[in-house]
Every structure is written in structure tokens, then in C-alpha cells.
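[1] kindly generate the corresponding structure for this input.
(one chain, ligands or ions: 1)
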Amino acid sequence: MTMLISERTHPGRIAYALPPCDVPMHTLPDFAKRAAPAALPELSELDVVRHYTALSRRNFGIDNGMYPLGSCTMKYNPKLHEEIMRIPGLAHVHPEQPVRSIQGMLALLVALEHDLAQITGMDAITLQPAAGAHGEYTGLMLIRAYHEHKHEHRTHVIVPDSSHGTNPASAMLAGYEVITIPSDPNGLVNTEALRRVVGPHTAALMLTNPNTLGLFEKDIVEIADIVHSAGGMLYYDGANSNAILGIARPGDMGFDVVHLNVHKTMSTPHGGGGPGAGPVGVKEALIPFLPNPRIQYTDGQYTLYDNPQSIGKVKAYLGNIGVLIRAFAYIRSYGPQLRNVSEHAVLHANYLKTRLSPFFDVPVEGICKHEFVLSAKTIKQQTGVRALDIAKRLLDYGFHPPTMYFPTNIEECLMIEPTETESLETLDAFADALIRIVEEAHAEPDLVVRAPHTTPVKRLDEATAARKPVLHCHCGVD
Ligand SMILES: *Cc1c(COP(=O)(O)O)cnc(C)c1O
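    Purely as a prediction, here's the structure:
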């Protein structure tokens, strides 16, 4: 049975003792004191270390195995970038310090803005948004401010049905009506359907490229033309940039706004909800509306200033600085070789797709970008084993399951993004494991349907586990 740390408590036990105080003591004023001491667990240092080490071993993370989640790049983050973020001169800067004492930090942020503008092909960047979805919301507020400035009342935002769930959600939150357009049979935007819904009420089209099937929208220039000629703006969801770094730029494709998920693409451990950063890039026409404050360099120093037309602040201070420093370290350590990231990410995805295609249904044929989808439809018909069971069985082979049942328009879908950081041996081991599982599905379906067999907890009721987690489990493992 796994005990909670609060159950391991032994009154009076402590982790370390300080010598008696030899300087005058100040007591807190009464209003600041607790009525009763906090109910903190009392344990020795070794108890604490063992407790948390045991918990960490029961977890799956990128440091102990491959994490082939599609749609959400979950790659290994070089430890060097962690080190750089922890340099005391960066880590200990306080946002309330006088601006003249944080010149180095401001220089770094301006350099990062410049690098991200180059990578995306945009004219200016705001580093403030704290995540991808927050970047979407910020970008839509910029688009709204732009249209309002021109005294145009535009009410609709168009999203393809394959878009990431955050796109329609952000558009709703920003006060827009969401129009969904269907994909064509190849999984790309249906330009005819787009033409039918675009009009004087169109505020923007939000597009993820490469899309959630791992496909580059081949008609992207035509799509841009259709929306622009109706006076709408083009929003690029750049969370899938792992496929195009140093190769293609949203700005060159005609997009007006783009957000990047630097916590996915550029070196921040994420998952479990944060931290993140979703810098937003814009074309010139939107610069006056960017969040305040902006950083400028004049007369040999960096200062902060406010734009009068700005949409205002979207995050405290200048953004999630720790995440931004890691992104800067990432970009500068690759330098001109940044495109190698995407070349390898795409090569790895195609390698796996080719190895696995004979064993699954392949809903979208041909070359993919950084991710691809397989379907277990035929396997299910023949054996009763579902995509979910295959994903669970992967845990027994030491791999995190891929994304399942997304995009929703593909039956028994498994969506795989290997990322550039995995070695050929790991890619092969992953493919071997999946192929073994397909063989097991035919020979011994029960083994797969009841998987996982080796993890601390077995099949969970996932909805209940997410809403009412039982942290205190009786599962025979201490
Ligand atoms: C992850 C993701 C988002 C949302 O980003 P968050 O940082 O999780 O808010 C948006 N679009 C796509 C395509 C994504 O993969």
C-alpha cells in the first residue's frame, strides 16, 4: 500500500536541527500568526527523500522512455538549457528591480524576439503569453483591435474541423462566433468549403500547419488569398513548428499572426500543465496593438514603454522568463543548424510510418511531416483489440502510449510523433514493440485487452481518475 506523506508522519521527527538562535529574535505580530500550527508531516530527511524517489519511479517521463505523443511535441530537452536558465544572474533577477539593473535580461529578451521574428517571418513578437492557448487568445484580441480600429465589425472566426481544440475555444473566449469547415478526403482544408463561408463578417481563419494529421496544407497560398481578399486576417497555430523550423515561415505564407509553443518546440519540460510560453508574432499592421509594456533600445539602454493603442497586459511583467531563457538557449545552441531539428523530426516520423504501415490501416497515405496517424480498425474487426488496448500494452514494453482517438474523424486512431531526439535504436524498439503487440492481438487478444500488466496501477476508469483521483491506492506496491 502506498502511503501519503501525511500518513508517514511521526510527531517530533525532524529533517534537520538548527543551532540555538544567537541574534535577537523578532516575533510576528499577533494578526500574522496561525491559530494552530500548520498540520505539516513530521519526517526525517531520509523518509522524505525515499518517499518522493519512490513516487517518481512510479511515473513515466521522457527521462525514462520514449514519449510518442502526436499533436503535442513531447521531446527531450537538453540539460544544457536547464543549466543556462539556472545561471544565478538570470535565475535571481527580480521583476521589480529597476530597469537599469536588468539591462542584460532585457537584451536577452529583445534578442529572443528578434530570433523568433526571423524564424516565423513576422515583423514583431510579444513574449508575454504563458501558453499556446493564451497566445491564441492574445492573437485574436490583436485581430479584434485591428478590425475595430478600422471601424469594421467582424464577428466570425473560421476553423477547420481538424484543428486543435484550443482554436475554437480561444475564438469563443475572444467573443467570436466559430464557423467550422470540413476537411477534404485527404485531410486538408477544403478550399471550396472555405470560399462558401468567407465574407464581410470574417474576422480571421485559424489554421494549424502542418495540421493535426501531420500534413502540410498544400493550398496554403490560395487559402491566404481567399481570406485576405474578404478582409479577414490569417492566424497560424504554430504549435507544430517542430516540422518546419528553418525550412518554412508562416510570415512568408501570408499569415498575419502566429503563436509558437516554445515549451513544445524549444526546450522546456512540459506536461502536467506547465510552465509554458506562447510568444505571438505579428505583421506590421498589428504592432501598435501588442501587449504592454514593450522593450525598446534607445541611447544605449533598454527601457520599457507603453503603446497607447495596446490591448493591454496579458501576463504579469514580461512573461514566463524561465521558459523564454530556455527557448533562447535552444535557438542559440542550434544556430544555423536549427533546420536539422525539423529534418530529423520529419525523417523519424516517415521512418516509423514506413515500418508500421504493413501492420495497421493507414488513413492518410504518402509522406508525412513530423507526425502521422495509424488506425487499428481492421485489427479491431479481426481480433476485438482496440487502439486503446494497443496503447495500454505499450506501457508493458516501456513506451508511453501515443495520442489516441484524435483527430476524431479517424476510427481507432493512433497518432504518433517520434520527435528528432530519439535514436534509430529507440525508433526500432518502438516499432518492434508495436508489431509484437499486433501479433499478440491475433494470437492472444486477452493479453492485450487486459494490459498493462507491469505498471503500478492497471486499467483505470479514466474519466473518474481525472475528476476524482484516488491518491491513496491499495495496489500492492509500496
Ligand atoms: C498544444 C497545442 C495547442 C495549445 O497549447 P497549450 O500550450 O497547451 O495551451 C494549440 N494548438 C496545437 C496544434 C497544439 O498542439
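
[2] burial count for Ala466?
    Neighbourhood size, Ala466 [other CB atoms under 10 Å]: 9. Glycine gets a C-beta too; all of them are placed from N, C-alpha and C.

[3] look at it and give its secondary structure.
    Following DSSP: H, G, I helix; E, B strand; the rest coil, Ala466 is assigned to helix.

[4] likewise Tyr302?
    Criterion first, three-state DSSP; result for Tyr302: strand.

[5] secondary structure element for the residue nearest to it when sequence neighbours are not counted?
    Distances taken as CB to CB, 6 or more residues apart in numbering place Leu106 nearest to Tyr302, at 3.7 Å, with adjacent residues excluded. For Leu106, the host element (DSSP states H and E) is helix 103-120.

[6] pull the residues that contact that helix.
    Residues outside helix 103-120 that contact it (CB atoms under 8 Å, 6 or more residues apart in numbering): 89-90, 93, 99, 122-127, 238, 241, 245-246, 249-251, 258, 260, 279, 281, 295, 297, 301-302, 304, 318-319, 321, 324-325, 327-328, 331-332, 338.

[7] just the buried members of those residues?
    90, 122, 124-127, 238, 241, 245-246, 249-251, 258, 260, 279, 281, 295, 302, 318-319, 321, 324-325, 327-328, 331, 338 (16 or more other CB atoms under 10 Å).

[8] so which of these are in strands?
    Ala124, Ile125, Thr126, Gly238, Val258, Leu260, Gly281, Ile295, Tyr302 (DSSP state E).

[9] give me every residue that touches the third one.
    This points to Thr126. Glu113, Thr138, Pro279, Val280, Val282, Leu290, Pro291, Arg294, Val314.

[10] again, only using 7 Å
    Thr138, Pro279, Val280, Leu290, Pro291 (CB atoms under 7 Å, 6 or more residues apart in numbering).

[11] hey, where'd the strands end up in the chain?
    124-126, 156-160, 177-181, 202-208, 233-238, 257-260, 280-282, 294-298, 301-305, 372-375, 403-404, 413-416.

[12] I'd say Gly135 and Val257 touch.
    No: counting by CB atoms under 7 Å, Gly135 does not reach Val257; the two are 9.0 Å apart.

[13] ok so, going back, distance between the helix holding Leu106 and the chain's centre?
    21 Å (CA atoms, centre = their mean, to the nearest Å).

[14] stretch 395-414 now?
    17 Å.

[15] what's the mean pLDDT across it?
    Computed over stretch 395-414, the mean pLDDT rounds to 92.

[16] before we move on, what about stretch 294-305?
    96.

[17] next up, the contacts around the residue in the chain positioned nearest to the ligand.
    When scored by CB to the nearest ligand atom, the chain has Gly132 as its residue closest to the ligand, at 2.3 Å. Contacts of Gly132 were listed using CB under 7 Å, 6+ apart, and they are Thr166, Ala239, His259, Asn261, Gly278.

[18] what subset of those is buried?
    Thr166, Ala239, His259, Asn261, Gly278.

[19] restrict those to those near the ligand?
    Contacts with the ligand are made by Thr166, Ala239, Asn261, Gly278 out of those, judged by CB under 6 Å from any ligand atom.

[20] for Pro269, which non-adjacent residue is closest in space?
    Asn77 (5.4 Å).

[21] residues near that neighbour, how many?
    19.

[22] mind checking pLDDT for it?
    Note for Asn77: predicted pLDDT of 86.

[23] isn't it up against Ser267?
    Yes: using CB under 7 Å, Asn77 is in contact with Ser267, at 4.6 Å.

[24] point out where the stretch 151-300 of the chain drops to low pLDDT.
    271-274 (pLDDT under 70).

[25] need the residues of it near the ligand, please.
    Checking the stretch 151-300 of the chain against the ligand by CB under 6 Å from any ligand atom, the hits are His164, Thr166, Thr208, Asp237, Ala239, Asn240, Asn261, Gly276, Gly278.

[26] ok, the residue nearest to the first one when sequence neighbours are not counted - contacts?
    Just to be clear, that refers to His164. Closest residue to His164 apart from its sequence neighbours, by CB to CB, 6+ apart: Thr208 at 5.8 Å. Thr208 makes contacts with Ser163, His164, Asp237, Ala239, Asn240, as judged by CB under 7 Å, 6+ apart.

[27] nearest residue to the first one in space, ignoring adjacent ones along the chain?
    So that's Ser163. Counting by CB to CB, 6+ apart, Thr208 is the residue found nearest to Ser163 once chain neighbours are left out, at 5.5 Å.

[28] distance of the residue most central in space within the chain from Leu106?
    Nearest to the geometric centre of the chain sits Lys264, at 4.5 Å (CA atoms, centre = their mean). Distance from Lys264 to Leu106, counting by CB to CB, to the nearest Å: 26 Å.
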